[in-house]
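> only geometry, no sequence info:
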Ligand SMILES: Cc1cc2nc3c(=O)[nH]c(=O)nc-3n(C[C@H](O)[C@H](O)[C@H](O)COP(=O)(O)OP(=O)(O)OC[C@H]3O[C@@H](n4cnc5c(N)ncnc54)[C@H](O)[C@@H]3O)c2cc1C
Ligand code: SF4
């Protein structure tokens, strides 16, 4: 029997941006908040002297240990899924702050089109444009409604950026000026603009000033140190939960963070969540923690898995397309493609950089291009990034070079500062056959079933990506490269989960038949259970997710406060489905 603890008002699972924002907001309002985090306690000091490419980029020291828990994965429904055990194949955050600490920091907003994708697609192209099996649906919230929450997140994280000529309306500028425009970024922007595109510096959580956020927390000025994506920031210069929302929550005196606390179940009485069961990973003791409100902010995979293990909500059935938990799984799997430009007579300083240093353009994003005669929906954002290349992980050589031996060594050295990559970040649309469920065979360290991912590429994905690679090739050629290699798109999903862009499983909407949570991320089936994070995205827009995760977390916090102040109840009344039957 688990040891029984005293009830708390708000119990949060996971301490990344999703859980951190809700914790801070509720603690600021005077509620008694406990946050359970499976990983270790971490602070900025723990990231001092960690500029070690072997430990963090190659060996993924900050990521989840895949030997005790992982997902199983398959690229078709009729084959057996296998556990993903190679650290190179899966990057999921694990300690305090989660993936929100080792993220790169590019902080986008999704487009108005994304939130009303079904309605706008039907209005512009007719219902027949949506292929059989594609389960796009409106999100139950408009961009205009979410805009104030985007603004709050950008101010909390201290985002540096400049106006995007094609970006949606904003109520305010970014709180910090854009990052430095380096020579290769200028080259990209000139080339893209010569071709008629509208470029901007990427919105970055790498702060360009010593910034004080509205909660009084400081984000220091970025040093362009190059050990950023997959690392914690030892300068405290990356907007992350440790230097912002978790610090704010701590200062209230109403917040307790329990690290090494692995949540295994949400207790449910058929109407409400009553608390959670977790194991203290240091002692092995199991606890039951009761709560008035339970918030899952444990990333897409755990959010979905905990609901399935706890039997809350109806599991999604791909045969009938009924049920919701596990539905509409999507990821930016194809976003790794683009074109690499090699220069014979021009060198760049690629070993300096920052996670979100770069520029992009949105001329092919969302529904900006007319899809009438195209064999895909949605679009992509084109960008160049200057992360800061490490010598181990970066050995770009032109196509046709052997991958070992003298010629490889010579070309790898020659091109080390002479290659630039332009890539296309695509929108990923959901299908009835791409989903999450519990694996029938493989189990975790406790004997609980692992989460199973079924994800198939479709012509929609391949056609959109091929289109994007051609756009990247054109820009790379305009940049004056001597060699341009357009990357080849793999035909099938390769069962890798790098980059942290996975969504769905607990999707939002305005109809309980086709969504699991409403637009406050409150579950239709349990009014005191809020499920926060990219698990709520009904599809993946063509931008990085965390701006939208942050905005939705602020919205959820507002909903939780309303729920507690008004004595409970559903915050939104349900409407008819907007999904194609
Ligand atoms: C290398 C990398 C770079 C990225 N760069 C960008 C970028 O530039 N821009 C962008 O928008 N996004 C980026 N992402 C994605 C970004 O990290 C996520 O969108 C974001 O962190 C999600 O926040 P979250 O709070 O939902 O999840 P997380 O930050 O992952 O937090 C979830 C927390 O829950 C904890 N947890 C999980 N299961 C349990 C359990 N059973 N019990 C207790 N605790 C649990 C985890 O340990 C973790 O701390 C990147 C991801 C990676 C891996
Ligand atoms: S590049 Fe900037 S934000 Fe990133 S780790 Fe270095 S100093 Fe921190």
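Structure received. Because the structure is predicted, anything quoted here is derived from the model rather than measured. Ligands and ions are numbered 1, 2, ... in the order given.

> Helix or strand: which one has residue 401?
Assigning secondary structure by DSSP states H and E places residue 401 outside every helix and strand.

> if I pick the nearest residue to it once chain neighbours are set aside, what's in contact with it?
Closest residue to residue 401 apart from its sequence neighbours, by CB to CB, 6 or more residues apart in numbering: residue 411 at 5.1 Å. Quick note: C-beta positions are derived from backbone N, CA and C, even for glycine. Residues in contact with residue 411 (CB atoms under 8 Å, 6 or more residues apart in numbering) are 397-398, 401.

> Which member of the residues you listed is positioned nearest residue 454?
For these, the residue nearest residue 454 by CB to CB is residue 397; the value is 35.5 Å.

> and that closest one, what is it in contact with?
Applying CB under 8 Å, 6+ apart to residue 397 gives the contacts 408, 411-412, 415.

> how about 10 Å then?
340, 342, 403, 407-416, 419, 483, 485 (CB atoms under 10 Å, 6 or more residues apart in numbering).

> Surely it is in a helix?
No - assigned with DSSP: H, G, I helix; E, B strand; the rest coil, residue 397 falls outside any helix and is coil.

> Please report phi then psi for the residue nearest to residue 505 when sequence neighbours are not counted.
The shortest distance from residue 505 to any non-neighbouring residue, by CB to CB, 6+ apart, is to residue 304 (3.3 Å). Main-chain dihedrals, residue 304, degrees, to the nearest 10: phi -70, psi -40.

> Residue 304 touches residue 450, doesn't it?
No - in this structure, residue 304 is not within contact of residue 450 by CB atoms under 10 Å, at 11.7 Å.

> which residues do those two both contact?
Common neighbours of residue 304 and residue 450 (CB under 10 Å, 6+ apart) are 71, 438.

> who's more crowded, those two?
residue 304 (35 against 22; other CB atoms under 10 Å).

> ok so, going back, which of the contacts of residue 397 lies closest to ligand 2?
residue 416 (19.6 Å; CB to the nearest ligand atom).

> Next, count neighbours for that closest one.
Residues near residue 416, counting by other CB under 10 Å: 17.

> With residue 192 instead?
The criterion is other CB under 10 Å. On that basis, residue 192 has 25 neighbouring residues.

> what's the pLDDT at it?
Reported pLDDT at residue 192 in the predicted model: 98.

> give me the low-pLDDT residue ranges for the stretch 451-581 of the chain?
576-581 (pLDDT under 70).

> Next, the buried residues of the lengthiest strand in the chain.
Assignment by DSSP state E gives strand 286-296 as the longest strand of the chain. Using 16 or more other CB atoms under 10 Å as the test for burial, strand 286-296 gives 287-296.

> Mind putting those residues into TSV with distance to ligand 1?
Below are the buried residues of strand 286-296 laid out as TSV (distance: CB to the nearest ligand atom, whole Å):
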residue	distance to ligand 1
287	12
288	14
289	11
290	17
291	14
292	19
293	17
294	12
295	11
296	9
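
> contacts with ligand 2 among those residues, please.
Among the buried residues of strand 286-296, not one lies near ligand 2 by CB under 6 Å from any ligand atom.

> Which of these sits closest to residue 529?
Distances from residue 529 to the buried residues of strand 286-296, taken by CB to CB, are shortest for residue 294, at 5.1 Å.

> if I look at residue 11, how far off is ligand 1?
Using CB to the nearest ligand atom, to the nearest Å, we find residue 11 at a distance of 11 Å from ligand 1.

> Show the contacting residues for the closest residue to ligand 2 within the stretch 1-150 of the chain.
Closest residue of the stretch 1-150 of the chain to ligand 2, CB to the nearest ligand atom: residue 105 (6.7 Å). Residue 105 makes contact with 157-160, 179, 202-207, 222, 228-229, 233, 237-240, 354-357, 544, 546, according to CB under 10 Å, 6+ apart.

> Tell me which stretches of the stretch 301-450 of the chain form helices.
405-414 (DSSP state H, counting those that start in this stretch).

> tell me, how many neighbours does the closest residue to ligand 1 within it end up with?
Taking CB to the nearest ligand atom, ligand 1 has its nearest neighbour within the stretch 301-450 of the chain at residue 302, 3.5 Å off. Summarising burial for residue 302: neighbours were counted as other CB under 10 Å, giving 24.

> How about the residues of this structure by ligand 2?
206, 222-225, 227-228, 231, 233, 235, 237-238, 354-355.

> I'd guessed residue 479 sits against residue 422; true?
Yes - using CB under 10 Å as the test, residue 479 is close enough to residue 422 to be in contact (7.9 Å).

> low-scoring pLDDT stretches of the protein, where are they?
If you take pLDDT under 70 as the line, the chain has these spans: 576-581.

> Output the set of residues of the stretch 201-350 of the chain in proximity to ligand 1.
Counting by CB under 6 Å from any ligand atom, the stretch 201-350 of the chain sits next to ligand 1 at 229-230, 262-263, 297-299, 302.

> Closest to ligand 2 out of those residues?
Of these, the one sitting nearest to ligand 2 (CB to the nearest ligand atom) turns out to be residue 229, at 7.9 Å.

> what's the closest one in contact with, if anything?
Residue 229 makes contacts with 56-57, 91, 102-106, 238, 353-356, 385, 387-388, 499-500, as judged by CB under 10 Å, 6+ apart.

> Mind giving me the ChimeraX command for buried ones among the residues you listed?
For the buried members of the contacts of residue 229, the matching ChimeraX selection, counting by 16+ other CB under 10 Å, is:
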select :56,57,91,102,103,104,105,106,238,353,354,355,356,385,387,388,499,500
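
> now the residue of the chain most remote from its centre: how far from residue 416?
Relative to the mean C-alpha coordinate of the chain, counting by CA atoms, centre = their mean, the farthest residue is residue 406 (39.8 Å). As judged by CB to CB, to the nearest Å, residue 406 and residue 416 stand 16 Å apart.

> For this structure, which segments are assigned as helices?
17-28, 53, 112-115, 117-125, 143-157, 183-194, 245-252, 299-310, 405-414, 459-478, 546-565 (DSSP state H).

> Ok, which of those helices comes nearest residue 64?
Closest to residue 64 of these, according to CB to CB: helix 299-310, at 9.2 Å.
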